[in-house]
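> I would like the atomic coordinates for the input below:
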Amino acid sequence: MARPVDCDLDPELQNVSLDTLFLIVLQATVVIALGKFIHLSLRRHNQPSAISQILAGIMVGSLGLHEVIVHVDVVNVEDTYEWYVSEVRIFYMFYVGLDADLAALWNDSRRGTVATYASVATCLLLAAFVSGGMYGSMMHTPVRSPELLAAVLMLTIANTSSVDVSRMVHEVGLAATGTGRLLVATAIATNVICIVGEGVFSCMKMASGRTPGYSASQRLGLGVLALLKVGIAMALLRPAVAFMNRRNAGRHRIGNWELALILVAVSFIGNFPRRAGFDGMPATLLLGLAFPREGPVARTVMHALAYPLHALAVPFYFGTMGMRLNFSAMSGAVVVPAILLTILGLIGKCLGTMGAARFLHMPLADAARFGVLLNIKGHVNMIDMSFASSEGIWAEQALMAMVMGSMISTVIAGPVFAVVYRKERETYLSSGDRMLERLVVTDDQSTELSMLACVHGARGAPGMLSLVELLASKPGVQPALHVLHLYDAARKHARAGTGGAKRYHEQVQIDSEKHLDRLNDAATQVNWTVDLFASITGLVIRQIDAGDRGPVTNLKTVRRCTEEVRADVLLVPYHKEQHYDGKMVCRWEDRRRLCLGALERAPCTVAVLADRPFRRGSTSFQLPTKISTSEAALGNQRDDRAAAPTHVAAVFLGGPDDREAMSFACRLARNDTVSLTVIRFVHRGKHDHDHADDDRVHTTDAGDHADGEVSVMVDSTGVMGDDPDECCCAAFHREYVAKEVASYVEKAVIAPEDVLQALRGMAGAYALVVVGRGRRQPAELVAGLERWVECAEMGPVGDILASDESLEMGSVIVVQQKKAVPPPFDLDPPAVAI
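Got it, this is the predicted structure:
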């Protein structure tokens with residue numbers, strides 16, 4: 001057995017290690033700085049920063065710093081950066097798994113499976129077909145095996161770098177889109193398939209360079225043992241995280257030693273397969289996917305990994321790709337195979353995705369772009385190529401050709417990402433009616449609804465989160481919900497010696513006082529409230545923290561976050577808060593300007609919540625339904641909707657905002673704990689005339705029918721087909737009233753006093769009232785209500801309900817349908833009407 005070398009007793013090896021460390025730090029600094037400089041010109045064209053970092057790596061690699069500093073020859077750059085590249089892949093894929101939206105991925109699982117197998121199968125067939133023609137230029141002399149060449153070439157062309165794709169998708173803002181989620185899922189699945197194939201290939205008798213000193217059966221045993229270790233770690237993960245969450249209950253983040261322990265454990269588990277000669281990426285990805293999302297542990301790990309990975313580790317990771325390029329070895333024997341392999345990969349991926357375009361529900365052009373993005377290779381292929389070179393499957397010049405081909409495929413993907421981003425953004429901003437109005441005419445319970453809820457503090461968080469819970473689908477199909485917390489950025493830290501404004505989760509906590517007054521911090525209370533709702537409801541709630549720096553900056557932040565998460569509904573709190581005696585008071589005028597700016601410039605449907613936490617009544621709108629619902633009510637809710645704990649009313653007068661408000665209420669009615677009543681106001685003269693001519697929709701009591709169904713009679717004269725309000729009401733009757741999910745009431749009014757009296761009469765009957773902001777047709781129903789309006793931006797009906805000072809009145813939601821594309825944000829927000 002060979003005696004291990006002691007670096008302390010070998011000054012030459014010790015100097016080489018120090019020189020290598022100095023070289024890595026120097027190159028990383030230069031690559032990161034140069035990459036940022038190059039990206040200044042590319043970012044305006046929506047290019048991902050990975051392109052700039054690869055170009056910076058090529059420039060730094062051409063300087064020959066390794067020969068100047070280390071003075072030790074290496075076969076290739078992977079000999080120097082192998083450990084670094086492996087650790088970055090381990091931690092970044094753990095971060096991707098932790099940040100993944102499991103429900104959204106599950107909803108796209110069918111499309112992802114089709115795209116994965118279509119692209120992989122096409123590339124495998126194409127590589128097997130052309131391997132014979134490429135045999136002469138890529139193998140060693142003497143001949144090793146054409147079969148091995150075909151197998152490695154198949155894996156090389158079919159593979160996709162999950163790290164590169166995930167990073168680029170998140171950077172260009174496609175992570176929340178259907179295309180971005182499908183692309184990341186397909187890239188990860190393709191990468192895992194190729195890693196499994198590579199593991200099987202490395203266990204063959206011919207493959208001996210991967211784990212020297214072990215036979216094929218021994219390598220297989222090492223792989224099974226590594227898999228067993230990963231399984232044990234996965235089984236212990238949830239109890240360990242739950243213990244840490246209980247230990248740090250009520251805190252924003254866990255201690256530093258606990259964080260260090262988790263990161264060391266992630267690296268240790270990811271290196272289980274690597275020590276056996278396999279890739280550890282699938283293990284860390286599964287670890288991130290299985291990691292519990294709620295509580296301070298996940299929040300701390302995400303915050304601790306985000307900046308170091310995105311700003312330091314991943315940029316140098318891409319830079320090492322460029323540093324592999326050896327200009328002294330460039331020749332036609334390298335460039336031509338590189339271009340040929342890139343073209344083969346593009347053909348295989350594009351043919352596969354275009355062939356599956358029908359099942360993916362995308363046009364052929366989008367499918368072709370999808371295939372180009374799946375052709376990104378990155379460091380994954382370089383690991384495969386190094387293995388193939390060590391096994392004598394192809395020559396060193398072919399290895400350099402594959403390095404160049406991987407970089408070419410990554411650079412080509414940059415302009416395609418820009419095209420996809422512009423297309424997705426234009427689709428989101430220019431779409432007219434969003435999802436809500438279509439919910440009335442469909443009964444699909446699994447319809448995705450993306451939401452962004454804004455909160456200013458712990459006081460308004462329970463009501464906003466309760467509303468989010470009622471709007472959400474089942475936890476298994478509802479994508480991640482986002483809560484934007486606008487904390488007070490100007491607040492000074494109270495302890496002496498800290499000085500200056502700091503973000504609350506970056507403030508240093510004294511160990512002797514870490515359990516004292518932790519709940520007095522309003523920001524920490526928001527964290528605790530979000531964690532409580534997430535753990536009870538089973539929904540994934542992601543909190544976004546941003547400083548409250550005035551209405552203009554806040555409005556930009558809200559708009560940016562809305563576009564990033566591709567929200568269908570933006571929920572913002574009303575600027576007035578309820579006092580204990582029922583009065584609605586405005587404490588911050590800036591919040592009023594923010595509310596008005598969101599209504600005028602938001603790129604989606606906006607709902608303003610006027611919460612009333614001091615409302616008298618049996619219904620609590622401040623707790624999750626699993627807590628606020630009694631066992632008796634839960635047992636009878638399916639038999640008697642009237643016994644539901646949350647009674648909701650939707651006021652309908654007519655117009656696009658009222659139709660959106662009705663759709664919003666219909667979404668609430670899909671929750672089993674909600675009893676919905678739509679109250680439609682009609683002019684008495686028109687009401688009598690319509691009933692006399694029998695032109696309206698009539699309903700009869702369910703007790704008149706043996707089957708319990710409500711009969712609906714729709715006018716067939718064609719008038720309703722031309723009136724969107726009548727069409728909306730008819731669809732509501734058909735999909736909700738006829739199925740006994742909701743009820744419908746009409747109130748005939750003449751004067752504005754009748755409308756005012758009817759609105760104030762809702763006090764005590766409903767826990768939540770949903771109403772449209774304005775743009776009503778006909779306008780005579782609200783003519784004259786301006787006399788009782790205090791805040792015109794809420795609309796006359798919405799302001800009357802929201803400003804009511806009765807302790808019996810429930811919470812109010814004012815809904816506005818998405819308007820035209822808003823103006824640029826460099827303009828000042830509109831003035832508030834006083």
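
> Tell me which helix or strand Tyr744 sits in.
Here Tyr744 sits within strand 742-749, counting by DSSP states H and E.

> just how off-centre is the following helix or strand past that strand within its chain?
Later in the chain than strand 742-749, the nearest helix or strand by DSSP H and E is helix 752-760. The chain centre lies 43 Å from the centre of helix 752-760; the measure is C-alpha atoms, centre = their mean, to the nearest Å.

> Helix 752-760 to strand 742-749, inter-axis angle?
On the basis of axes from the mean of the first three to the mean of the last three C-alpha atoms, to 10 degrees, helix 752-760 is oriented at 150 degrees to strand 742-749.

> Which residues does helix 752-760 contact?
651, 679, 681, 747, 749, 781-785, 787-788, 797, 800-801, 804, 806, 809 (C-beta atoms under 8 Å, 6 or more residues apart in numbering). (C-beta placed from N, C-alpha, C; glycine too.)

> mind redoing it with 10 Å?
Residues from elsewhere that reach helix 752-760, judged by C-beta atoms under 10 Å, 6 or more residues apart in numbering: 651, 653, 679, 681, 684, 747-749, 751, 769, 771, 780-788, 796-798, 800-801, 804, 806, 808-809.

> Just the buried ones out of the residues you listed, please.
Those of these that meet the buried threshold are 651, 653, 679, 681, 747-749, 769, 771, 781-782, 785, 788, 796-798, 800-801, 804, 808-809, by 16 or more other C-beta atoms under 10 Å.

> Now intersect those with the helices, please.
Of the buried ones among the contacts of helix 752-760, the ones assigned to helices by DSSP state H are 796-798, 800-801.

> which one of those is nearest Glu726?
Distance to Glu726 across those (C-beta to C-beta) is lowest for Val797, with 20.0 Å.

> ok, now which ones touch the closest residue to the closest one other than its chain neighbours?
Among residues not flanking Val797 along the chain, Val771 sits closest, at 5.1 Å (C-beta to C-beta, 6 or more residues apart in numbering). Applying C-beta under 10 Å, 6+ apart to Val771 gives the contacts 649-653, 657-658, 661-662, 664-665, 679, 759, 794-802, 812-815.

> Can you pull up the most central residue in the chain?
Closest residue to the average C-alpha location of the chain: Ala176 at 4.6 Å, with C-alpha atoms, centre = their mean.

> pLDDT at that one, what is it?
According to the prediction, Ala176 has pLDDT 87.

> just to revisit the earlier point, which one among the ones in helices among the buried ones among the contacts of helix 752-760 gets closest to Ser450?
Distance to Ser450 across these (C-beta to C-beta) is lowest for Gly798, with 23.8 Å.

> In contact with that closest one: list those residues for me.
Gly798 is in contact with 574, 608, 610, 651, 657, 661, 759, 769-774, 789, 791, 812-816, counting by C-beta under 10 Å, 6+ apart.

> taking these one by one, which sit in strands?
With strands taken from DSSP state E, the overlap with the contacts of Gly798 comprises 608, 610, 651, 769-772, 812-816.

> Neighbours of Arg775, how many?
16 (other C-beta atoms under 10 Å).

> okay but it is in contact with Gly654, surely?
Yes. Using C-beta atoms under 10 Å, Arg775 is in contact with Gly654, at 9.4 Å.

> Find residues that contact each of those two.
Common neighbours of Arg775 and Gly654 (C-beta under 10 Å, 6+ apart) do not exist.

> Output the ones in helices among the buried ones among the contacts of helix 752-760 in CSV; the columns should cover pLDDT.
Listed next are those as CSV, based on pLDDT from 0 to 100:
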residue, pLDDT
Pro796, 82
Val797, 84
Gly798, 81
Ile800, 83
Leu801, 83
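
> So which of these is the closest to Asp19?
Asp19 lies nearest to Gly798 out of those, by C-beta to C-beta, at 70.0 Å.

> The stretch 51-200 of the chain: helices as residue ranges?
In the stretch 51-200 of the chain, the helices defined using DSSP state H, counting those that start in this stretch lie at 65-69, 78-99, 102-107, 109-130, 135-138, 146-158, 162-171, 178-202.

> Between helix 178-202 and the fourth one, find me the angle.
What separates the directions of helix 109-130 and helix 178-202 is an angle of 50 degrees, with the same axes, to 10 degrees.

> helices or strands up against helix 109-130?
helix 146-158, helix 178-202, helix 332-355, helix 357-360, helix 364-373 (3 or more C-beta pairs under 10 Å, 6 or more residues apart in numbering; DSSP states H and E).

> Using PDB, list the CA coordinates for the fourth one.
Once side chains and other backbone atoms are set aside, the C-alpha atoms of helix 357-360 remain, and they are given as PDB (Å, rounded to 0.1, in the frame of the first residue of the first chain):
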ATOM      1  CA  ALA A 357     -44.900  20.300 -30.400                       C
ATOM      2  CA  ARG A 358     -48.500  19.100 -30.700                       C
ATOM      3  CA  PHE A 359     -48.300  17.400 -27.300                       C
ATOM      4  CA  LEU A 360     -46.500  20.400 -25.800                       C
END
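
> Any buried residues in that helix, and which?
357, 360.

> And Leu18, how far from Val31?
Distance of Leu18 to Val31, given as C-beta to C-beta, to the nearest Å: 20 Å.

> higher neighbour count, those two?
Using other C-beta under 10 Å, the more surrounded residue of Leu18 and Val31 is Val31, with 28 against 11.

> that older thread, and the two most separated of the ones in strands among the contacts of Gly798?
Largest separation among these by C-beta to C-beta: Val769 and Gln816, giving 15.6 Å.

> How far does the longest helix anywhere in the chain sit from its chain's centre?
The helix that spans the most residues within the chain, counting by DSSP H, is helix 396-430. For helix 396-430, the distance from its own C-alpha centre to the chain's C-alpha centre is 22 Å (C-alpha atoms, centre = their mean).

> Return the list of strands paired to the helix or strand just after it, each annotated with direction.
Remark: after helix 396-430, the chain's next helix or strand is strand 451-455, criterion DSSP H and E. Sheet partners assigned to strand 451-455 using DSSP bridges are listed as strand 481-488 (parallel), strand 569-573 (parallel).

> tell me the angle of the shortest one relative to strand 811-816?
By that I understand strand 569-573. Strand 569-573 runs at 130 degrees relative to strand 811-816, counting by the same axes, to 10 degrees.

> same question, the longest one
Here strand 481-488 runs at 100 degrees with respect to strand 811-816, directions being taken by the same axes, to 10 degrees.

> so where is the stretch 351-500 of the chain shaky, pLDDT-wise?
Applying pLDDT under 70 to the stretch 351-500 of the chain flags the ranges 379-398, 431-447, 489-500.

> how about 90 then?
Counting by pLDDT under 90, the stretch 351-500 of the chain shows low-confidence ranges at 355-362, 377-411, 425-451, 456-481, 485-500.

> Report the contact partners of the closest residue in space to Leu237 that isn't next to it in sequence.
Leaving aside its sequence neighbours, Leu237 sits nearest to Ala290 (C-beta to C-beta, 6+ apart; 5.8 Å). Contact partners of Ala290, counting by C-beta under 10 Å, 6+ apart, are 97-98, 102, 233-235, 237-238, 241.

> Tell me the confidence at Ala290?
91.

> and it, how far is that from Met354?
As judged by C-beta to C-beta, Ala290 and Met354 stand 35 Å apart.

> Could I get the average pLDDT for stretch 649-657?
87.

> so how far is the first residue of that stretch from its last?
End-to-end distance for stretch 649-657, by C-alpha to C-alpha, to the nearest Å: 15 Å.

> Provide the strand pairings for the longest strand belonging to the chain, with the direction of each partner.
Secondary structure of the chain per DSSP E: the longest strand is strand 674-683. Strand 674-683 pairs in its sheet with strand 646-652 (parallel), strand 742-749 (parallel), by DSSP bridges.

> Mind putting these into TSV with distance to Val163?
Formatted as TSV, the strands paired with strand 674-683 follow (distance: least, C-beta to C-beta, whole Å):
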stretch	distance to Val163
strand 646-652	45
strand 742-749	48
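
> tell me the most buried of the ones you listed?
Comparing those by mean neighbour count (mean count of other C-beta atoms under 10 Å), strand 646-652 ranks first with a mean of 25.
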